[in-house]
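> Structure, please.
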Amino acid sequence: MTIVLCSLFLLFVGCTQDIKCEKPYILKGNDCCLDQNEDLICDSDELPSPTPVPTNTPLIPVYTTQADEYDLITGENLIELKYAPRQCVKTKWESAFENKELSVEGDDEVELLVAYYAQKHNINIQAIKRVEQPAEDCRTDCMLCERDHYFLIKADKKYQGKFVEQKWDRVAAPDEEKAPYSLDALRAKLSELRAYEYYDRDLGYVLVAKDKLMVVLPLTLNKERKYNFNHVYFDLENKKAYAFCAMDQKRSGGSKCLSSPANKYFEVDYEQFFPKDIFGHLVDAEDVIQVASKTCENTRQCDVYQYTEGGDTYLFFVRQVSGIPYKVARVEPDGTENVIEIYTNIDFNHLSAADIKIPNTYKLMD
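Residues are numbered from 1 along each chain as shown. Model (predicted):
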């Protein structure tokens, strides 16, 4: 009877026995619960804390290819920039993602780009647009070949230096007067390179380093002109040219020379074989002005510039991606364009200055 009464009493008024909870526990009803943050609320009863939002979280971008939405983002403090990823080069945001340096969900390239500048550089991209384009058929110059898309972004003007440093191109406003074309800027671009090569249709492959120069004749030219050599090395300091025959599967097609002396090199006319460098037709240019921007060279975008030399009018075509001329044409009196130089297969990626030499085992022919 006593047990029943006590049970009823506990049911209605509770047990009078004291329950003590040691920190970090607190009393909850007739039991103790954990309270690690000492807010007098059982940890088990608290909602999970939301993940703190970093102060450099980017604004939600305009993730679209529709120009009408992207163009709504305007402001006097904004600049527009363009970046075209190359086919054989990882972007900085792709590398950062692979190295687990970005906090993002998924691997969408637009999200990676926005996250990269927000988390690595504390830059908010105000709007972004991915624009699809035909992929270029790329062979030897994949450092220059664009992928099948490029990006347009809008960001605060104060970040222009950082973007330009990372090879973004500033997009000029429609009513903005364009600066004169700078040949010095082009020369500076090439002077930074260790070595490069391009194809001249009249000479063949031209291999260039800071203090070295060599021409490799392809099989077609070698057969056509019946040369007994397929390489010409230039001693630039002494203005001498030396010819020899050597296997070069990539450039000369592994062609054999006509009755060439084995392991010998001999002097040839320096002026006859010396190539006009990639700026040769622009050295004496006067009054350079931009006259057009259009699609050329297999859907690639290029700018067309006009200049005068010796009373004649010339056009040179510059790939917007690299900023390097690839074609020069003279404007005839009837208005037609007579192409005088075409530079193709421009390759900045695979040539070393050590490749430009006469083989060590070759001897000068008496």
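> Ramachandran angles for Y83?
phi -140, psi 130 (degrees, to the nearest 10).
> So it is in contact with D169, correct?
Yes. At 7.2 Å, Y83 counts as touching D169 under the criterion of C-beta atoms under 8 Å. For the C-beta atoms, the positions are set from N, CA and C on the backbone; glycine is no exception.
> tell me the contacts of L112?
93-94, 96-97, 102, 104 (C-beta atoms under 8 Å, 6 or more residues apart in numbering).
> May I have the phi/psi pair for E271?
Dihedral angles (degrees, to the nearest 10) for E271: phi -70, psi -30.
> Tell me how far it lies from A241.
Distance, E271 to A241, using C-beta to C-beta, to the nearest Å: 9 Å.
> Looking at these two, which is more packed in?
A241 (22 against 7; other C-beta atoms under 10 Å).
> does the closest residue to E22 other than its chain neighbours have beta-bridge partners, and which?
Spatial nearest neighbour of E22, excluding adjacent residues (C-beta to C-beta, 6 or more residues apart in numbering): C32 at 8.0 Å. Judged by DSSP bridges, the bridge partners of C32 are L27.
> thinking C32 is in contact with K23, fair?
No. Counting by C-beta under 8 Å, C32 sits too far from K23 to count as a contact (10.2 Å).
> Which one's more surrounded, the two?
C32 (16 against 8).
> Tell me how far that one lies from L40.
In terms of C-beta to C-beta, C32 sits 13 Å off from L40.
> any residues in contact with both of these two?
I26.
> is it true that S95 lies in a helix?
Yes. Per DSSP: H, G, I helix; E, B strand; the rest coil, S95 lies within a helix segment.
> 894 is where my numbering starts, stick with that
Fine by me, first position is 894 from now on; the one you just mentioned is S988.
> Tell me how many other residues surround it.
Around S988 there are 14 residues (other C-beta under 10 Å).
> Could you do Y1091 as well?
Residues near Y1091, counting by other C-beta under 10 Å: 22.
> hang on, isn't it packed against G1097?
No. Judged on C-beta under 8 Å, Y1091 makes no contact with G1097 at a distance of 10.3 Å.
> Show me the protein divided up by domain.
With automatic domain parsing as the criterion, the domains of the chain are listed as 905-938, 960-1063, 1071-1259.
> Would you mind giving those domains as JSON lines with mean pLDDT added?
Supplementary listing: those in JSON lines, determined by pLDDT from 0 to 100:
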{"stretch": "domain 905-938", "mean pLDDT": "72"}
{"stretch": "domain 960-1063", "mean pLDDT": "84"}
{"stretch": "domain 1071-1259", "mean pLDDT": "77"}
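> now the strands for the stretch 1144-1259 of the chain?
Assigned by DSSP state E, counting those that start in this stretch, the strands in the stretch 1144-1259 of the chain fall at 1157-1161, 1179-1189, 1193-1202, 1205-1212, 1218-1224, 1230-1240, 1256-1257.
> out of these, nearest to T967?
strand 1179-1189 (22.6 Å; C-beta to C-beta).
> Also compute the angle for that closest one relative to strand 1218-1224, please.
On the basis of axes from the mean of the first three to the mean of the last three C-alpha atoms, to 10 degrees, strand 1179-1189 is oriented at 110 degrees to strand 1218-1224.
> can I get the CA coordinates of strand 1179-1189 in PDB?
Taking Å, rounded to 0.1, in the frame of the first residue of the first chain, the C-alpha atoms of strand 1179-1189 are listed here in PDB:
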ATOM      1  CA  GLU A1179      53.100  53.900 -90.800                       C
ATOM      2  CA  ASP A1180      49.600  55.100 -89.600                       C
ATOM      3  CA  VAL A1181      48.400  51.800 -88.400                       C
ATOM      4  CA  ILE A1182      44.700  51.800 -87.900                       C
ATOM      5  CA  GLN A1183      42.100  49.100 -87.200                       C
ATOM      6  CA  VAL A1184      39.600  48.800 -90.000                       C
ATOM      7  CA  ALA A1185      37.600  45.700 -89.100                       C
ATOM      8  CA  SER A1186      37.000  42.800 -86.700                       C
ATOM      9  CA  LYS A1187      35.600  39.700 -88.400                       C
ATOM     10  CA  THR A1188      35.600  35.900 -88.500                       C
ATOM     11  CA  CYS A1189      38.500  34.500 -90.400                       C
END
